[in-house]
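> Predicted model and sequence follow; I will ask about them next.
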Amino acid sequence: GFNCGIVGLPNVGKSTLFNALTQTVAAQAANYPFCTIEPNVGRVAVPDPRLQQLATIGKSQKIVPTSLEFVDIAGLVRGASKGEGLGNQFLGNIREVDAIVHVLRCFEDGDVTHVDGAVDPLRDAETVETELMLADLDSLEKRVPALQKKARGNDKEAAAQLALIEAILPALQAGRSARTAVPKGEEEAARRLGLMTSKPVLYVCNVDEGSAATGNEHSARVMEFAKAHGAPAVIVSAAIESEIAQMAEGDRGEFLDTLGLQDSGLDRIIRAGYGLLGLITYFTVGPKETRAWTIHKGMTAPQAAGVIHGDFERGFIAAETIGFDDYIALNGEQGAKEAGKMRVEGKTYLVRDGDVMLFRFNV
Ligand code: GDP
């Protein structure tokens with residue numbers, strides 16, 4: 001599965017958000033087999049209104065959404081890269097996630113201590129990002145001597161890795177993230193370096209309850225900062241999210257309305273996390289179930305089939321494919337077929353978000 005690590009300084013609302021995420025999930029109907037995997041790892045359903053539309057037309061007995069994992073990563077303090085606090089454990093956990101959800105405290109509350117005195121989300125962001133950059137810098141510098149030796153011995157792979165590291169090091173030394181220095185086309189090689197500051201990041205502004213719809217001056221500064229760095233950002237109130245999480249699903253809409261919100265902040269975090277990871281969804285629709293499947297943007301039809309079962313990929317023949325809009329407009333498979341909107345796609349087809357697919361394969 002794909003996962004997002006929730007990071008941030010202590011007392012910014014990480015656990016509150018994480019618990020809200022996993023409680024929402026626990027409250028869902030029995031059809032949703034999602035759970036807390038470990039105390040700090042939760043799997044959540046990715047909300048997608050298209051599922052219900054497809055299931056209605058396809059007369060499916062049940063709906064199975066796709067899911068995303070969130071990891072609550074505790075222990076980041078100033079000095080973590082030097083082993084302060086739970087430094088090493090923290091850094092190990094964060095290296096393993098695919099993307100980072102960075103929670104920033106944007107709420108004032110005299111009863112909740114701020115580790116650095118006053119509320120200042122940009123200073124906090126800098127504190128966290130500095131620790132991550134220092135850890136990345138340390139990890140790359142340690143690798144250089146051995147790679148240089150191998151490169152001198154004509155090891156092509158080592159030479160390529162060394163060149164990549166040497167392209168990234170100056171950025172880290174100048175206080176910029178590795179992300180800003182990865183050469184075009186080398187994203188995959190960079191990903192294999194296991195750096196934290198090359199992972200995609202989503203900023204979450206945790207605001208007070210009264211500012212959930214509008215944001216406040218703190219979150220405004222974060223939104224501007226995120227925009228300047230080309231990173232997505234969302235405004236949520238962890239306190240509200242934890243209230244919503246305890247409500248029956250049917251009561252949530254009205255509660256959100258009274259707060260002037262269109263959807264829950266958690267839904268926005270989940271969807272943003274999904275986008276951050278470069279993921280898209282295709283669907284299978286049948287009488288038993290309508291189901292969403294997660295793939296990377298750019299996957300071919302056989303690769304997408306492989307997400308369901310390895311045999312589907314190995315024995316792939318073709319994929320009967322209907323675009324989501326056609327499926328809905330033409331009232332399902334039969335209508336789409338009659339209108340000539342069911343395409344038979346082959347091995348090189350790049351699956352698109354929303355495709356409704358039926359795979360033909362040899363066993
Ligand atoms: P963590 O250390 O980042 O995991 O932070 P917690 O989730 O444990 O939250 C720290 C404290 O801040 C707790 O007492 C929370 O109840 C409180 N808190 C979290 N989010 C909010 C919020 O949106 N508004 C207010 N007023 N308090 C919050």
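It's in.

> which stretches of the chain form helices?
Listed in chain order, the helices of the chain (DSSP state H) span 14-26, 50-58, 87-95, 121-152, 156-173, 187-192, 217-228, 238-245, 249-258, 265-276, 301-308, 310-314, 324-329, 333-338.

> Next, see if the longest one gets close to the ligand.
It refers to helix 121-152. No. Helix 121-152 does not reach the ligand (CB under 6 Å from any ligand atom); its nearest approach is 10.7 Å. For glycine as for every other residue, the C-beta is placed from the backbone atoms N, C-alpha and C.

> Packing partners of that helix?
When contacts are defined as 3 or more CB pairs under 8 Å, 6 or more residues apart in numbering; DSSP states H and E, helix 121-152 packs onto strand 99-106, helix 156-173, helix 217-228.

> again with the first one
Taking 3+ CB pairs under 8 Å, 6+ apart as contact, the helices and strands that helix 14-26 lies on are strand 3-7, strand 41-45, strand 67-72, strand 201-207, helix 238-245, helix 265-276.

> Go through those and name the closest to the ligand.
Closest to the ligand of the helices and strands packed on helix 14-26, according to CB to the nearest ligand atom: helix 238-245, at 3.6 Å.

> And the closest one, what does it pack against?
Where contact means 3+ CB pairs under 8 Å, 6+ apart, helix 238-245 is packed against helix 14-26, helix 249-258, helix 265-276.

> Out of the helices and strands packed on helix 121-152, indicate the one that is most buried.
Greatest average neighbour count among the helices and strands packed on helix 121-152 goes to strand 99-106 (a mean of 26), per mean count of other CB atoms under 10 Å.

> any idea of the mean pLDDT for that strand?
For strand 99-106, mean pLDDT is 95.

> That one - which strands sit beside it in the sheet, and in what orientation?
Using DSSP bridges, the strands paired with strand 99-106 are strand 3-7 (parallel), strand 201-207 (parallel).

> about what we covered before: could you dump the helices of the chain into a markdown table and include distance to His114 and mean pLDDT?
Putting the helices of the chain into a markdown table (distance: least, CB to CB, whole Å; pLDDT from 0 to 100) gives the following:
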| stretch | distance to His114 | mean pLDDT |
| --- | --- | --- |
| helix 14-26 | 14 | 78 |
| helix 50-58 | 41 | 97 |
| helix 87-95 | 19 | 75 |
| helix 121-152 | 9 | 94 |
| helix 156-173 | 28 | 96 |
| helix 187-192 | 34 | 88 |
| helix 217-228 | 12 | 96 |
| helix 238-245 | 15 | 90 |
| helix 249-258 | 29 | 87 |
| helix 265-276 | 21 | 86 |
| helix 301-308 | 43 | 96 |
| helix 310-314 | 50 | 94 |
| helix 324-329 | 46 | 98 |
| helix 333-338 | 56 | 97 |
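
> Output the helices and strands packed on helix 238-245 as JSON lines; include the columns mean neighbour count and distance to the ligand.
Formatted as JSON lines, the helices and strands packed on helix 238-245 follow (neighbours: other CB atoms under 10 Å; distance: least, CB to the nearest ligand atom, whole Å):
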{"stretch": "helix 14-26", "mean neighbour count": "21", "distance to the ligand": "3"}
{"stretch": "helix 249-258", "mean neighbour count": "12", "distance to the ligand": "16"}
{"stretch": "helix 265-276", "mean neighbour count": "22", "distance to the ligand": "10"}
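
> Can you convert those into CSV and add a column each for distance to Ile295?
CSV is the format used below for these (distance: least, CB to CB, whole Å):
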stretch, distance to Ile295
helix 14-26, 22
helix 249-258, 28
helix 265-276, 11
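
> will you turn the helices of the chain into JSON lines that also has distance to Val204?
As requested, the helices of the chain are exported to JSON lines (distance: least, CB to CB, whole Å):
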{"stretch": "helix 14-26", "distance to Val204": "7"}
{"stretch": "helix 50-58", "distance to Val204": "25"}
{"stretch": "helix 87-95", "distance to Val204": "16"}
{"stretch": "helix 121-152", "distance to Val204": "10"}
{"stretch": "helix 156-173", "distance to Val204": "24"}
{"stretch": "helix 187-192", "distance to Val204": "23"}
{"stretch": "helix 217-228", "distance to Val204": "9"}
{"stretch": "helix 238-245", "distance to Val204": "9"}
{"stretch": "helix 249-258", "distance to Val204": "18"}
{"stretch": "helix 265-276", "distance to Val204": "6"}
{"stretch": "helix 301-308", "distance to Val204": "28"}
{"stretch": "helix 310-314", "distance to Val204": "36"}
{"stretch": "helix 324-329", "distance to Val204": "29"}
{"stretch": "helix 333-338", "distance to Val204": "39"}
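
> what about stretch 180-187, distance to the chain center?
Chain-centre distance of stretch 180-187: 20 Å, with CA atoms, centre = their mean, to the nearest Å.

> Give the buried residues for that stretch.
181-182 (16 or more other CB atoms under 10 Å).

> And for stretch 40-54?
Buried residues in stretch 40-54, counted by 16+ other CB under 10 Å: 40-48, 50-51, 54.

> ends of it, how far apart?
Start and end residues of stretch 40-54 are separated by 34 Å (CA to CA, to the nearest Å).

> Same check on stretch 351-363?
End-to-end distance of stretch 351-363 (CA to CA): 22 Å.

> hmm, who's touching that stretch?
Stretch 351-363 is contacted from outside by 50, 54, 280-285, 295, 297, 299-301, 304-305, 308, 311-312, 314-325, 327, 333, using CB atoms under 8 Å, 6 or more residues apart in numbering.
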